[in-house]
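Peer 1: requesting a structural model of the entry that follows:
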Amino acid sequence: MDNNKTQEYNLLSNFERKADALVCSSCLLSLNAMSMSLAVDACRLTKFFRLLLEDWKNCLPLGDAYDVNFTTWGSKTWEIIERVRYAYSLNMVQLNQYEYESNCYLEFKDKQDAVGPMDGSMKPLQMVSEGEAGVILVCALRELSEIMMEISEFLSSPTEEQIATSFEQWRVCYHRQYHDSCQKMYNKWKLLFTPRTLKKNLKERMVSELENFRQMFLSDAEFELVYDSEQKDIDIEGVSRFLFTNSDRFGISYMRENPVFSQELLKLFYSIDTLRMMQADLQPKKKQAEKAVAPVVDELELKVMEVTGKIKHLATERWKQHLPKLWKGVFTSFRDNIAKAGPHEKFKDYSKKTLYCIIGHLKTKGIYQNQVSNLELTKVLEGTNNGMRKYLNNGLIELEQSLMERIASYVDQEMQALVPET
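Peer 2: Residues are numbered from 1 along each chain as shown. As a prediction, the model looks like this:
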C-alpha cells in the first residue's frame, strides 16, 4: 500500500495486483479458489464505489479519489477480464468474457453480501458448483467496470443544480468552521485604524485583496468567469462553476462528518469572506432615523430558513414558487414549537425534531419530490446519514398529538389556499 495515495487508489491497485497472480495458479482448483477471492473483492469494491457515487451526487467531491482516473480503471477492469479468460484457457476451460448477471453470480452476490468484513464465514463459497467460479468472477468484473464508467460519466458532466447545491454545502461548512477565525483576523486589522482613517485603509486593502483573489486564476479570461467587472463584485455562481470544473486546482478537501479544507480552498473562501466584510464596512452608514424603523431580524427564522433552503431544489415543480410563502406561514404559526428543543434533543439551538417532522410531512403531501429518498434528504440536510432520518421517515406522528393535528390542519388549509387544485 502506498501511503501517499488515496484509499480508493490503493484498493484498486491491490485488486489489480491480485488479479495478476491468477496465471500463477498451479491447477484448476487453485485457480477457482483465487477467482472466488477476487469475486468477493470485486463485489465489495462495486458496493464501495456505488455508495461513494451516492455521496457525490449529494455533494460533488473536491478531494475524494483525486488520484483515480475512473475512465482508465473502467478499461483496466476489462483487461483483467481478459487475463481471467487467459488463465482459465491455460487450464482447458473456455470462458465467455461477455457473461453478465448469470444466476450463479446473482446468488453468490447475495450470499457474500450478507457476510460482514470481520466475519470469516465460508458459506458464500460453499454454494459454488464446479465450473461456476470463472463465470462468477467475469460477472463481478463486468459490474465493477460499469460502476467505474458510471462514476467517470458523472464526474465529467456535473449539472448546474449539483454545482449550486454542492457549493452551498461547502460554503455552509466553511462558515461553521472557519468564518469566525477569518472575522477575528479582519477585526484585529481594523483596530489598527481610527474611524477617521479606516475608510481610506479599507479601500487600499480592498485593492490588495482583490489582486490576491485575481492571482488564484491563470488568466484574465478565467478571472472574468468569477468576477463581475461591471458590478465590481465576485460572481459567486461563476466561482462555484469554476471550482467544480477545475477541482484539481484547489487541493484535496473532504466532505465528511468533520469536513477538511485544503489550504487552496481555504484561501479561496477566506478571500471571498474578507472582501464581503470589507464591502459591508464601506457601505454608507444609515441615518439614525432609518435605524429606528428598521425591522428586527429574527435570528431563529434565518437559521430555519437556511436549513429549508438546502432542500428547496427538491420541491416538486408545482410547489417551487409557493414554497417560501408556505414555510413563512408554517414558521410564523409554530415558531414557539420550533424554537424549543426537547429535553432529549442533542441540538439545542431549536427543535430539529419538530422541523424535520414537518419536512417529512410536507414530503408525504407531495410538496417535495417522492423519488428523493429520506436517506438522500438526510444527507443533504445533515451532511451525513444519522438518526434525524427517523423524523423525516415518520413525519408528524413523532410529535405530541395536539401539535400533530394542528400542523396537519394548517398545512392542508395553506395548500388549498396556495394551490386550490391540490
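
Peer 1: contacts and neighbour counts: CA atoms only from here.
Peer 2: OK.

Peer 1: now Gly131: which helix or strand?
Peer 2: Per DSSP states H and E: Gly131 is located in neither a helix nor a strand.

Peer 1: kindly report the same for the one 4 residues further on.
Peer 2: For Val135, the enclosing helix or strand under DSSP H and E is helix 133-156.

Peer 1: packing partners of the strand or helix carrying Ser37?
Peer 2: Element membership for Ser37 (DSSP H and E) is helix 28-58. With contacts defined as 3 or more Cα pairs under 8 Å, 6 or more residues apart in numbering; DSSP states H and E, helix 28-58 has these neighbours: helix 7-20, helix 70-89, helix 103-113, helix 133-156, helix 160-177, helix 374-382.

Peer 1: quick one: average pLDDT of that helix?
Peer 2: What helix 28-58 shows for mean pLDDT is 94.

Peer 1: what comes up buried for that helix?
Peer 2: 28, 31-47, 49-50, 52-53, 55-58 (16 or more other Cα atoms under 10 Å).

Peer 1: can you give me the offset of that helix from its chain's centre?
Peer 2: Computed by Cα atoms, centre = their mean, to the nearest Å, the chain-centroid distance of helix 28-58 equals 23 Å.

Peer 1: from here on, call the first residue 815.
Peer 2: Done: numbering now begins at 815, and the last item shifts to helix 842-872.

Peer 1: so the residue in the chain sticking out farthest from the centre, which state does it fall into?
Peer 2: In terms of distance from the mean C-alpha position of the chain, Met906 ranks first, at 47.9 Å (Cα atoms, centre = their mean). Here Met906 is recorded as coil under DSSP: H, G, I helix; E, B strand; the rest coil.

Peer 1: contact partners of the helix holding Val949?
Peer 2: Outside of helix 947-970, the residues within contact range by Cα atoms under 8 Å, 6 or more residues apart in numbering are 846-847, 849-850, 852-853, 856-857, 859-860, 863-864, 867, 883-885, 887-889, 891-892, 894-895, 898, 902, 909-916, 918-919, 922.

Peer 1: ok, Tyr1182 touching Leu1176?
Peer 2: Yes - applying Cα atoms under 8 Å, one finds Tyr1182 in contact with Leu1176, separated by 6.6 Å.

Peer 1: more neighbours: which of the two?
Peer 2: Neighbour totals were compared for Tyr1182 and Leu1176, and Tyr1182 leads with 25 against 20 (other Cα atoms under 10 Å).

Peer 1: partners of the more buried one in the sheet?
Peer 2: According to DSSP bridges, the residues that bridge with Tyr1182 are Ala1129.

Peer 1: residues contacting it?
Peer 2: Contacts of Tyr1182 (Cα under 8 Å, 6+ apart): 1128-1130, 1176.

Peer 1: make CSV from these and add distance to Ser827 to it.
Peer 2: Formatted as CSV, the contacts of Tyr1182 follow (distance: Cα to Cα, whole Å):
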residue, distance to Ser827
Leu1128, 38
Ala1129, 42
Thr1130, 43
Leu1176, 46
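
Peer 1: can I get those residues in CSV including distance to Glu964 and pLDDT?
Peer 2: Output for the contacts of Tyr1182, formatted as CSV (distance: Cα to Cα, whole Å; pLDDT from 0 to 100):
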residue, distance to Glu964, pLDDT
Leu1128, 23, 92
Ala1129, 26, 91
Thr1130, 26, 91
Leu1176, 32, 93
